[in-house]
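**Student:** Provided below for reference: sequence and predicted model.
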Amino acid sequence: MSQSDWFQAYKSAAQFLIAGPCSAETFEQVLETGLALRQQSVDFFRAGVWKPRTRPGGFEGVGEVALPWLAEVKKQTGLKIAIEVASPAHVEAAEQFDIDMYWIGARTTANPFAVQELANALQGSNKIVLLKNPVNPDLSLWIGGYERLQNAAIQSLGVIHRGFSTYPKSKYRNSPEWQIAIDFRRELPDVPMICDPSHMAGKREYLAELTDIALNLHYDGFMIESHPNPDAAWSDAAQQLTPAALEAFMRNRKKAVAETTNTEYLEAIRLWRSQIDVTDALLLELLGKRMAISEKIGILKKNYGISVLQNDRWMKVLEHMQSQGQQNNLSDSFIRIFFKAIHEESIRKQVNAKSEG
């Protein structure tokens, strides 16, 4: 039996969906939300019981007292229940209330010791366990965390992509870094991957664009936060939707198919891709020429005793390129990432040229 077999029961025309409030605040709040979501195509009801926060002083969840509330939600709605666990003590407490799914949060995933402790506590478990990506953009750490759970013979596993904390910040709360998720799927193609656009977005107005990208990347489902009165939520108010808004939101999302046999499409995409291939080859040729110039600059700097890094020059280049990028309909974030990579490679070339020249 594969550890991804559990997901076969949820593969359908409808979108696999985990939904519910960021935090369980009161019994009335979780029950009201659960009753509203029961009318929709929600597969699991989520609610934060323990809330690990970046800094002290924020709302950190009501704790164990919420577990019987969720058990009652399950009883009255028939919805399966999902919560976050961050320690063996959380697992032990949750086991008393027939919780169906556990997820391991991004801050916990970043700590291999913590993941291993949870793997030990969940050894051989028949619960569904989902591992969020680590808070920092580290593919190996994410895969390593999954492997720890896999080695613990947990019967049902999957992962959640919720975005990464990066510097500088973008408009999103957590940068999606889609390529890391794509690379994870390339390494472990059979692992169900759920997208959490709520934690990526940080603001509900960005949910649609992120969810639509995830649909086009063929994610297996979504975890989206929903609260009966989002503006009054005790945590993450800006990123939650009311149950009614969530229903409309999901109704407007359309799955994209992976392949087609339509000959008109196949011929058109072949022509466009051939143009991309030629353009990419030209880009690489230009980058090679640019780096050859960087090597010459490195030798010149060595001859005159000049340091490689010229920060004022770099900031002027970046500012100019972002302005040029806007004229070519390229986002500031793309230009910043692209030219940062070019700048780092240029520095490496200049340093090598200075040491070898």
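**Tutor:** Arrived safely, thanks for sending.
**Student:** When you work out contacts or count neighbours from here on, use the C-alpha atoms and nothing else.
**Tutor:** Noted.
**Student:** which of the residues in the helix or strand containing residue 348 are buried?
**Tutor:** In the assignment (DSSP states H and E), residue 348 maps to helix 332-356. Applying a neighbour-count criterion of 16 or more other Cα atoms under 10 Å, one finds 332, 335-336, 339, 343, 346-351, 353-354 buried in helix 332-356.
**Student:** How about stretch 180-193?
**Tutor:** For stretch 180-193, the neighbour count (16+ other Cα under 10 Å) marks 180, 181, 184, 185, 191, 192, 193 as buried.
**Student:** For the helix or strand of the chain with the lowest mean pLDDT, name the packing helices and strands.
**Tutor:** Lowest by mean pLDDT, DSSP states H and E among the helices and strands of the chain is helix 332-356, with a mean of 92. The contact analysis (3 or more Cα pairs under 8 Å, 6 or more residues apart in numbering; DSSP states H and E) places helix 332-356 against helix 263-303, helix 311-327.
**Student:** Go through the ones you listed and name the closest to residue 23.
**Tutor:** Set against residue 23 and scored by Cα to Cα, the helices and strands packed on helix 332-356 come closest in helix 311-327, at 39.4 Å.
**Student:** what's next to that closest one, contact-wise?
**Tutor:** Residues outside helix 311-327 that contact it (Cα atoms under 8 Å, 6 or more residues apart in numbering) are 331, 332, 335, 336, 339, 343.
**Student:** returning to what we had before: now the helices and strands packed on helix 332-356 as TSV including distance to residue 100 and mean pLDDT?
**Tutor:** Formatted as TSV, the helices and strands packed on helix 332-356 follow (distance: least, Cα to Cα, whole Å; pLDDT from 0 to 100):
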stretch	distance to residue 100	mean pLDDT
helix 263-303	43	95
helix 311-327	48	94
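**Student:** Would you map the strands across the stretch 1-150 of the chain?
**Tutor:** Counting by DSSP state E, counting those that start in this stretch, the stretch 1-150 of the chain has strands at residues 16-20, 44-46, 80-84, 101-104, 128-132.
**Student:** helix/strand/coil for residue 223?
**Tutor:** Secondary structure, DSSP: H, G, I helix; E, B strand; the rest coil: residue 223 is strand.
**Student:** Just give the number of residues close to it.
**Tutor:** Residue 223 has 23 neighbours, counted by other Cα atoms under 10 Å.
**Student:** what do you get for residue 176?
**Tutor:** Per other Cα under 10 Å, the neighbour tally for residue 176 reads 25.
**Student:** From residue 182, how far out is it?
**Tutor:** Distance, residue 176 to residue 182, by Cα to Cα, to the nearest Å: 11 Å.
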